[in-house]
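1. give me a model of this one.
(one chain, ligands or ions: 1)
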Amino acid sequence: MRVLVLGGDGYLGWPTALHLSDCGHDVGVVDNYARRKYDEELGSQSLVPIEDLDTRVAVWKEVSGKEIPAFVGDLLDADFVYRVVREYEPDAIIHFAEQRAAPYSMIDREHAVYTQHNNVIGTLNVMYAIAEINPEIHLVKLGTMGEYGTPNIDIEEGWIEIEHNGRKDRMLYPKKPGSFYHLTKVHDSHNIEFGCRIWGLRATDLNQGVVYGQQTDQTVRDPRLATRFDYDAVFGTVLNRFIIQAALGQPLTVYGKGGQTRGMLDIRDTVECLRLAVENPADRGEFRVFNQMTESFSVKQLAELVTETYPGSVEINYLENPRWELEEHYYNVKHTGLLELGLKPHLLSDTLIESLFPIVEENKHRVNLDNLLPKVKWSNAKNS
Ligand code: NAD
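-> Numbers count the residues shown, from 1 in each chain. So this is what the prediction gives:
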């Protein structure tokens, strides 16, 4: 198949492009380097050095013999989006290309507006390009488990049967997201579901859990194929951040009581879920939703797992929670769709955690310790 990966320079987009290319698909990547610019703005960088996109694709050609054409441009530029879709003629478009950090979206008005504009309008441009150029194209869109929040009932896979005053309907599962970033994903889900109804688009919305890990079978073939590994309080995802803190001899920063439970998955499962979604497209007019996660853990459990696994001693600091979220709650998620398509999950084992410590050790001189502590508070409309 021909697959266009939007956000192909990012943490997940790059390894997904390599995985699909390795599995025999023709892959093109699109990115505007926004993620590299947030690093400049925040005075941060990936713990592991990452090459620029031109080098990455050249190295992949060297090690695999396969080409990955790169299109550099912004999804907010509709002419660019239409041109790439016309030129590349994809069967599927995987859309990772959004601002994805909740704290970044909560810095102040400017960052909230940027995040909502970038994510919602970028997705609309992609939807219109598909609808006008070729509605057969399967849109595979990255959403997040954070769209649901933590309701006091079981979380279904996107849709729920509701009986109300004696009548029944199948509705989109109600959402209770916890940041302006997570809200963008909810808006996208609604827009895409509408596109499936009115234009007969075919779409898969992947409500992904928090991803951990940094290596895949393809990225390890050459250090220049590495994907990013973020440790900072804005972009570092929870388990990756704890592993890095432990190996740096820093306390693990748990927000509040740490009872917040989240769906999680290994980066090797992310890339495989994307392959499964692409190779098994949704039907025309179908808005298909998968909860892309393999296991649930509380933040406290993750911190304890890291302290038990790290060979040295590690402290846990329970900080005042900068976010607005329930710290103790019910959490029971249905996530059978991808398993039914054949996903064989990598469950979180000590081996994965241990394998990340040497990577941190090797790169620890690159860390800016000032960026480990959370500075963005949800209760402040403006964080200076
Ligand atoms: P990332 O920031 O590393 O990658 C996103 C890429 O999209 C970046 O390279 C960025 O430059 C690009 N991009 C952003 N806006 C763009 C635009 N307007 N035009 C073109 N390119 C643009 O993020 P990631 O961690 O790889 O996440 C990828 C997707 O998966 C996101 O949509 C995110 O919300 C979702 N997701 C990630 C996680 C996680 O744990 N990392 C969890 C759930 C969902």
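
2. could you measure from the residue in the chain positioned nearest to the ligand over to T270?
-> Among the residues of the chain, G10 lies closest to the ligand, at 2.0 Å counting by CB to the nearest ligand atom. For glycine as for every other residue, the C-beta is placed from the backbone atoms N, C-alpha and C. For G10, the distance to T270 (CB to CB, to the nearest Å) stands at 11 Å.

3. so where do the helices sit in this protein?
-> In the chain, the segments counted as helices under DSSP state H are 13-22, 34-42, 53-64, 78-88, 102-105, 109-116, 122-133, 180-199, 238-247, 267-279, 299-309, 337-340, 350-363.

4. list the buried residues of the last one.
-> Spelled out, it's helix 350-363. For helix 350-363, a neighbour-count test (16 or more other CB atoms under 10 Å) marks L352, I353, L356, F357, I359, V360, N363 as buried.

5. where's the dip in pLDDT among these?
-> Minimum pLDDT for those is recorded at L352 (90).

6. neighbours around the nearest residue to it once chain neighbours are set aside, how many?
-> Nearest residue to L352 in three dimensions, chain neighbours excluded: G213, at 6.1 Å (CB to CB, 6 or more residues apart in numbering). Burial of G213 is recorded as 24 neighbouring residues (other CB atoms under 10 Å).

7. which ones are touching G213?
-> Taking CB atoms under 8 Å, 6 or more residues apart in numbering, we find G213 in contact with N240, D266, I267, R268, L352, L356.

8. same question, V3
-> L20, H25, D26, V27, G28, P90, D91, A92, I93, I94, V278.

9. the ligand next: which of these are close?
-> Residues of the contacts of V3 in contact with the ligand (CB under 6 Å from any ligand atom): none.

10. whichever of those residues end up buried, select them in PyMOL.
-> Buried members of the contacts of V3, defined by 16+ other CB under 10 Å, are picked up in PyMOL with:
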select buried, resi 20+25+26+27+28+90+91+92+93+94+278
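
11. got a markdown table for the contacts of V3, with pLDDT too?
-> Formatted as a markdown table, the contacts of V3 follow (pLDDT from 0 to 100):
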| residue | pLDDT |
| --- | --- |
| L20 | 98 |
| H25 | 98 |
| D26 | 98 |
| V27 | 98 |
| G28 | 98 |
| P90 | 98 |
| D91 | 98 |
| A92 | 99 |
| I93 | 99 |
| I94 | 99 |
| V278 | 98 |
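
12. return the subset of the contacts of V3 lying in strands.
-> Counting by DSSP state E, the part of these found in strands is D26, V27, G28, A92, I93, I94.

13. how about the buried residues of helix 350-363 in TSV, adding distance to A70?
-> Shown next, in TSV, are the buried residues of helix 350-363 (distance: CB to CB, whole Å):
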residue	distance to A70
L352	30
I353	33
L356	28
F357	33
I359	26
V360	29
N363	25
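
14. and of these, the nearest to T227?
-> Taking CB to CB as the measure, I359 is the one of the buried residues of helix 350-363 closest to T227, at 11.5 Å.

15. does the closest one really touch V48, like I thought?
-> Yes - counting by CB atoms under 8 Å, V48 is a contact partner of I359 at 6.3 Å.

16. can you work out which residues contact both of the two?
-> Counting by CB under 8 Å, 6+ apart, the residues touching both I359 and V48 are Q214, F229.

17. residues from the stretch 1-150 of the chain in reach of the ligand?
-> Close to the ligand, as judged by CB under 6 Å from any ligand atom, the stretch 1-150 of the chain has residues 7, 9-13, 31-35, 74-76, 96-100, 118, 122, 142, 144.

18. got the contact list for the residue of the chain positioned farthest from its centre?
-> Here the chain reaches farthest from its C-alpha mean at G166, the gap being 39.1 Å by CA atoms, centre = their mean. Residues counted as contacts of G166 (CB under 8 Å, 6+ apart): none.

19. any idea how far I153 is from it?
-> Remark: distance between G166 and I153 (CB to CB) = 20 Å.

20. ok, and what's touching stretch 76-89?
-> The contact list for stretch 76-89, computed with CB under 8 Å, 6+ apart, reads 2, 4, 28, 30, 69, 71, 73-75, 93, 117-118, 121-122, 125-126, 128-130, 132-134, 137.

21. now list the buried members of those.
-> 4, 28, 30, 71, 74-75, 93, 118, 122, 125-126, 128-130, 137.

22. my understanding was that C23 contacts R275; is that so?
-> Yes - counting by CB under 8 Å, C23 does reach R275; the two are 5.9 Å apart.

23. tell me which of those two has more neighbours.
-> Neighbour totals were compared for C23 and R275, and R275 leads with 20 against 16 (other CB under 10 Å).

24. pretty sure that one contacts S21?
-> No - using CB under 8 Å, R275 is not in contact with S21; the gap is 10.8 Å.

25. could the helices of the chain be laid out in CSV, adding distance to L319?
-> Shown next, in CSV, are the helices of the chain (distance: least, CB to CB, whole Å):
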stretch, distance to L319
helix 13-22, 31
helix 34-42, 19
helix 53-64, 36
helix 78-88, 41
helix 102-105, 13
helix 109-116, 22
helix 122-133, 33
helix 180-199, 21
helix 238-247, 12
helix 267-279, 26
helix 299-309, 11
helix 337-340, 34
helix 350-363, 21
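
26. and stretch 209-229, end to end?
-> Terminal residues of stretch 209-229 are spaced 17 Å apart (CA to CA, to the nearest Å).
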